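Colleague: Need coordinates for the below:
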Amino acid sequence: MSTISFSPGTRTWLLSTPHSSYGLRLDDTDAPCHLHWGAPLTLKQVEALPSTYPLGRTDSFTGRRVPEELAVDGGVRYGAPGLQIRFADGTRALEWAYVGHEISEDELGASLTLRMRDRHYPLAITLHYRVHHDSDVIERSLTLDHLGDNVETGTGEPRPIEVLRADSAGWALPERADYRLSHVVGKWAAEMQLRRDDVAWGETVLTSRRGITSHNANPWVMLDAGDAGEEHGQVWSAALAWSGTWRITVQRGIDNRVRLTGGFGHDGVSWRLSPGERLGTPTFAGLYTAGGFGAASRNWHAYVLDHVLPHPRELRPVLYNSWEATGFAVDEAGQRKLAAQAAALGVELFVMDDGWFGTRSSDTAGLGDWQPTPERFPDGLGPLVEEVHRLGMAFGLWVEPEMVNPDSELYRRHPEWVLHFENRERTELRSQLVLNFARPDVAEWAHGWLDRLVGEHGIDFLKWDMNRTFSEAGWPEHGTDGEADRLWIDHVRGVYSIIDRLRADHPWLRIEDCSGGGGRVDLGIVARTDQVWPSDNTDALDRLTIQHGFTQLYPARVMSAWVTDAPNLGTGRSIPLRFRCHVAMSGLMGLGGTLTEWSDRELAEVAREVARYKEIRATVQLGTRYRLSAPTDPSGLTAVQYTNPGGSETVVFAWQPTRELGREPSPLRLASLSPHSRYRDRDSGREYDAALLAEYGLPLTLPSGDYASALIILDRVED
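Modeller: Below is the predicted model:
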């Protein structure tokens, strides 16, 4: 049960979650200061924490305070600020003044609104906190209001305030002997590569300046004292719910304390706050656990399922996607043939990918002209949609609404609709330019054709792609009034708004987010879609590493994974079908190969695995995930376990890409079993004692040779 309490005498607040607590206080200057984030404490205990601490002669002389809740510019603050403001007269320092606070509770949790303002200038700063009764995640955000008065001048019209940086929240860790930072790095086709490094002295900046979340980093961090493991140790983590440009700064000072601050935007991007205007920031959520990285991940997974996803308990279907089979060579006859083959394998959702519209025969033309190509679909999409539905499958379609090819009718009509600067080249990537979704006319156009497409054809599913990053991110109509930078934020808001409207008007519609693979994966887009595409790389071996990094924060319930051809289209690697299936089955299983060229043996095998997946998908998609062995394990074995909410079914996947002669894999010690129960292997019928599975492990029997894998399903035997 989560609660929020307040002590007026010391102006101290305590946020209590089921397994952690968070404390803050106003100091004698009204600055909101951080006191505690960690193990449960009482309000009285938090009140007893000091407001200052000695750090040597210089800092003692200045009366060094505990960290502020949100570091600001001004005074003797020299760390990374989370809020930077420039007022109309050039003043940049901010001084806090407390206005009031509200605490509210409902059946789901509790909220704290802490209302502040600048002591002199017309700026209100509101800090928002939210806790849920069933989660240790604390949600935080910030709003800024230009109050529109004339305090700064005393006369005349109020003038805009320039917001140079507005982070959603700052977080501070308790003092430890050492610190370690966990995060992911990557690139296209190699996203979500997990890294664990010592926290550097000074400032470490993780960021995207690309207009999207990016393939190169992801907006979350985990921190520990260097001693946490998969199932033990204190871990502090934070994740930003934003799908555009972002920045998280981790600072380690000479006092050996770590602070971090994060939010949308990046260096050089500002926002002019007009009189009477409000700027709201996305959620930057934080989580503390004493149960290691595994517990941190499981807590985030539960949070996404319970408080982020729009249809969290809905089981996702097995899909087939046509891209790797056809590329741009799409026509009705070919899609009908693939659909019939997919249906025979047990597929439940058929998705036609790129190449169905305009003059789209390659990536050089047609984007923006969202009408079916008459030569390929002489009667439009209707007959194909009807045939797919007749086969018992839902129908899905690939779209890329935010993009346009210069070789398109749309661009010839509206060249002003793309991001661009006057007197500068319009750089093309993948022969594409980015449409400015911050423009109301562009957003209305996009919503209009998407609304008609979904409504008129009964489209069940959209794969919403976004295949390139921003460049020349200008808006010439606003270039002279200082508001052009708004597009970095308002483009994302435009995307969110269109998706929200589509879902409201077509409640049956489900959406997969994609951005050239995993370029737009974050809690903001997950809140509006049903699944995400982690990477264009479908090679099963590479996917083990990608999926390991992906599931540090995001649950299997949103992780699309396909079984594709061998040799793999991208890597040329040939991997046995069993191994490929088992990798895909550990997430949202899909098929993506050239089914018409698969042998009868391969088709029969994949049909069996699809049926097998349907047996266990409730446990995989909605169960609790335990990492038993990582891709970096010296043994080379990767293994994960899923246990369903009631504990009656446990699913174990194990993958051994290479094998040393004479070396067999060690038994897998399983997690979270009912201690006095027995478990029966669904295939062999063999029974195991839970205590022995936990202490000595589950024996593994793997096929001989490289790329060996196993799927074991254990049913709890009732006493």
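Colleague: Every contact and neighbour count from this point should use C-alpha atoms.
Modeller: OK.
Colleague: Nearest residue to T364 in space, please, no chain neighbours.
Modeller: S431 (5.2 Å; C-alpha to C-alpha, 6 or more residues apart in numbering).
Colleague: And R257, by the same measure?
Modeller: E175 (5.2 Å).
Colleague: ok, now how distant is that neighbour from H232?
Modeller: According to C-alpha to C-alpha, to the nearest Å, E175 stands 19 Å off from H232.
Colleague: The two: which is more packed in?
Modeller: More crowded of E175 and H232, by other C-alpha atoms under 10 Å: H232, with 15 against 12.
Colleague: Let's see the pLDDT reported for the closest residue in space to that one that isn't next to it in sequence.
Modeller: What sits nearest to H232 in space, not counting adjacent residues and going by C-alpha to C-alpha, 6+ apart, is G292, at 4.1 Å. G292 carries a pLDDT value of 98.
Colleague: tell me the contacts of the residue nearest to P18 when sequence neighbours are not counted?
Modeller: Once flanking residues are discounted, P18 sits nearest to M1: 5.4 Å by C-alpha to C-alpha, 6+ apart. Taking C-alpha atoms under 8 Å, 6 or more residues apart in numbering as the contact definition, M1 lies against S16, T17, P18, G109, H132, H133, D134.
Colleague: just W488 next, same as before
Modeller: Applying C-alpha under 8 Å, 6+ apart, the residues near W488 are G211, G244, T245, G265, V269, A473.
Colleague: Quick one: neighbours of the fourth one, just the number.
Modeller: Neighbour count for G265, taken as other C-alpha under 10 Å: 27.
Colleague: now swap in the fifth one and tell me
Modeller: A count of nearby residues for V269, using other C-alpha under 10 Å, gives 18.
Colleague: doesn't D485 make contact with it?
Modeller: Yes - at 5.9 Å, V269 counts as touching D485 under the criterion of C-alpha atoms under 8 Å.
Colleague: isn't L112 right up against E102?
Modeller: Yes - if you go by C-alpha under 8 Å, L112 and E102 touch, sitting 5.8 Å apart.
Colleague: Please identify the helix or strand for E139.
Modeller: strand 138-146 (DSSP states H and E).
Colleague: How about V454?
Modeller: Residue-wise, V454 maps onto helix 440-457 under DSSP H and E.
Colleague: Which is the succeeding secondary structure element to that helix?
Modeller: Assigned by DSSP H and E, the successor of helix 440-457 is strand 461-464.
Colleague: what angle separates the very next helix or strand once past that next one from helix 440-457?
Modeller: Toward the C-terminus, strand 461-464 is succeeded by helix 487-505 as the next helix or strand (DSSP H and E). For helix 487-505 against helix 440-457, the angle by axes from the mean of the first three to the mean of the last three C-alpha atoms, to 10 degrees is 30 degrees.
Colleague: Helix 487-505: which residues count as buried?
Modeller: 487-496, 498-499, 502-503 (16 or more other C-alpha atoms under 10 Å).
Colleague: can you give me the offset of it from its chain's centre?
Modeller: 17 Å (C-alpha atoms, centre = their mean, to the nearest Å).
Colleague: and what of stretch 382-402?
Modeller: Worked out by C-alpha atoms, centre = their mean, stretch 382-402 lies 27 Å from the chain centre.
Colleague: picking up where we left off before, list the residues that contact the residue nearest to R257.
Modeller: Neighbours of E175 in contact, by C-alpha under 8 Å, 6+ apart: N256, R257, V258.
Colleague: List of residues touching stretch 85-95?
Modeller: 31, 72-75, 84, 118-119, 121, 152, 159-165.
Colleague: can you rerun that using 10 Å?
Modeller: If you take C-alpha atoms under 10 Å, 6 or more residues apart in numbering as the criterion, stretch 85-95 is touched by 29-31, 72-75, 77, 83-84, 116-123, 152-153, 158-166, 270-273.
Colleague: what does the helix or strand that L692 is a member of contact?
Modeller: Using DSSP H and E, L692 sits in helix 690-695. Helix 690-695 is contacted from outside by 667-679, 696-699, 716, using C-alpha under 10 Å, 6+ apart.
Colleague: any weak-confidence spans in the stretch 151-300 of the chain?
Modeller: Where the stretch 151-300 of the chain drops to pLDDT under 70, the residues are 151-156.
Colleague: from the contacts of helix 690-695, which ones fall inside strands?
Modeller: Here DSSP state E is the test, and the contacts of helix 690-695 give R678, Y679, R716 as lying in strands.
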